[in-house]
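Enquirer: Here is a sequence together with a model predicted from it:
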Amino acid sequence: MSVLVCPKCGRTDDEVEFIDAFCKYDYPVRLKLPDRMEFEQCTRCQMVRLQGEWIPYNAKRLSKYLLSKCKGDYDSADYDVDRQVAVFVMSGSGAKIERPIPLDLKKTICQQCSRMSGGYYQAIIQLRGDPLRVLGKGEMLVKRLENRTFISKSEETDGGLDIYVGDSKAVVAVVTALGLKTFITKKLVGRDQGKRLYRTTFLIRL
Ligand SMILES: [Zn+2]
Ligand SMILES: [Zn+2]
């Protein structure tokens, strides 16, 4: 049996898979691919930034995005995150072509985590009234809010419980969903790059 030698890299078909006269890495096809893909990943919560938006790490979505940057004469494409290799099934020949595309996850801290560690908060929920009901409602609020944002701290005061929350829109959504009556006050606390920064207090009597 004769041995095939790839005219581009010199490897033989004992070493690497062949398609016609070329190894599968050098088989001539029309493909335009990114050299590498870079995403930011938060070292604390593992969230990944995709097109400006922080999302939970999701290999499928990252692959889909990466493949949307590839062009060429192929019918279908797949990206193997573990091997960091894109596999293309070429039109016509049906040949399976593999190309390495390194996936770089640049370590960073997302805005939410940096705010959380800095004790940042946009809203305070003040629960007042019967101590048992305050504690019960407080726990429920914290649980629901943690699905949407973060809690900077939660503090018992003489009159009840104060919960410091990262995002005031999340508070509005949760108290509305629970049908809680709130008394809202807004205070201008400063500016960030020309934008007014408010802190909102939600007073809830139970
Ligand atoms: Zn080759
Ligand atoms: Zn984070």
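Expert: Arrived safely, thanks for sending. Ligands and ions are numbered 1, 2, ... in the order given.
Enquirer: CA only for contacts and neighbour counts going forward, please
Expert: OK.
Enquirer: Give me the phi and psi for S114.
Expert: Here is the backbone geometry of S114 (degrees, to the nearest 10): phi -70, psi -30.
Enquirer: Distance check, it against S168.
Expert: Note on S114: its distance to S168, by CA to CA, to the nearest Å, is 17 Å.
Enquirer: Next: V85.
Expert: Going from V85 to S168 by CA to CA gives 42 Å.
Enquirer: for L50, same thing?
Expert: Separation of L50 from S168 (CA to CA): 24 Å.
Enquirer: what do you get for G129?
Expert: Noted for G129: a distance of 22 Å to S168, by CA to CA.
Enquirer: These two: which is more packed in?
Expert: S168 (21 against 14; other CA atoms under 10 Å).
Enquirer: Run through the residues that contact the more buried one.
Expert: Counting by CA atoms under 8 Å, 6 or more residues apart in numbering, S168 makes contact with 122-123, 200.
Enquirer: Apply 10 Å and report the result again.
Expert: 121-125, 149, 174, 198-202 (CA atoms under 10 Å, 6 or more residues apart in numbering).
Enquirer: Isn't F202 up against K187?
Expert: No. Between F202 and K187 there is no contact under CA atoms under 10 Å: 11.6 Å.
Enquirer: out of these two, which sits in the busier spot?
Expert: Of the pair F202 and K187, F202 is the one with more neighbours under other CA under 10 Å, namely 23 against 10.
Enquirer: ok, the nearest residue in space to V48 that is not next to it in sequence - how many residues close by?
Expert: Spatial nearest neighbour of V48, chain neighbours left out: Q41 (4.4 Å); criterion: CA to CA, 6 or more residues apart in numbering. By the other CA under 10 Å criterion, the neighbourhood of Q41 contains 23 residues.
Enquirer: same thing with F183?
Expert: Around F183 there are 12 residues (other CA under 10 Å).
Enquirer: correct me, but it touches R128?
Expert: No. The pair F183 / R128 is not scored as a contact, 11.6 Å apart, by CA under 10 Å.
Enquirer: Quick check: neighbours shared by the two?
Expert: By CA under 10 Å, 6+ apart, the residues touching both F183 and R128 are 203-205.
Enquirer: The nearest residue to D130 once chain neighbours are set aside: neighbour count?
Expert: Leaving aside its chain neighbours, D130 sits nearest to L206 (6.6 Å; criterion: CA to CA, 6+ apart). Neighbourhood size, L206 [other CA under 10 Å]: 14.
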